[in-house]
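Q: Provided below for reference: sequence and predicted model.
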Amino acid sequence: MLTHSVKTIQIVWLLSLFLAATAAEPQSPPPPPQKRVSPDTYGRAPAAIQAALKKQHCELPETQHWDQTQLNIVPGHFADPTQNDWAALCIAPDGSTRALVFWGKSAPCPAEIRHGWALQGHFPPGEAGSLYLLKAPPSQITTYREFFGDPHTNPILHDGVEIGGDEASLIYYCHNGRWLELQGND
């Protein structure tokens, strides 16, 4: 009985030391917020897409992905696996955000996405927080759906648009004339 009490005291003492040590560690300052840049900065995007974004007074986050993945203005098949589309993140001069989709042929869903927590950010002039936009291929959407669970039962036949920040993301998937919100990276 005494041995059990001594072990319990030792465990509590070690836990206290650990908590004190982690609490004493200096907290690193948060990274500086991303800057906003002109659509011209994204040279991979077609000139017509860049011009359309500038006409709507859009700026984009100055995000660079470590593996050169294309971010914030991305090509994809957002309506159909055979249709070439583009999606872009737009930060307006007032700091509000939305995603714009430039349909290759038919427009099966609205060309603008404004709903969902991922697009509710409002940024100070020149800043973009940690916001990003990516193409979400069907295999990624299916994997997230299986892992997180999803109330939607629609088939996943084409790409979605993933929008998020440092902590999580949402995937927007065009289905039956509307954008469904699916669980993204968490």
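A: Happy to help now that I have it. Note that the structure is a prediction, hence the values are computed from the model and not measured. Residues are numbered from 1 along each chain as shown.

Q: What is the subsequent helix or strand relative to the lowest-mean-pLDDT helix or strand in the chain?
A: Taking mean pLDDT, DSSP states H and E as the measure, the helix or strand of the chain with the lowest value is helix 2-24, at a mean of 45. Per DSSP states H and E, the first helix or strand lying C-terminal to helix 2-24 is strand 36-37.

Q: The helix or strand that that next one is followed by: how far from the chain's middle?
A: Next in sequence after strand 36-37, counting helices and strands by DSSP H and E, comes helix 47-55. Put simply, helix 47-55 sits 22 Å off its chain's centre (C-alpha atoms, centre = their mean, to the nearest Å).

Q: any chance you could read off phi and psi for the most centrally placed residue in the chain?
A: By C-alpha atoms, centre = their mean, the chain has its centre lying nearest to Gly164, at 2.1 Å. With angles defined as degrees, to the nearest 10, Gly164 sits at phi -170, psi -160.

Q: Just the pLDDT for it.
A: Note on Gly164: pLDDT of 90.

Q: beta partners of it?
A: With DSSP bridges as the criterion, Gly164 is bridged to Tyr132, Ser169.
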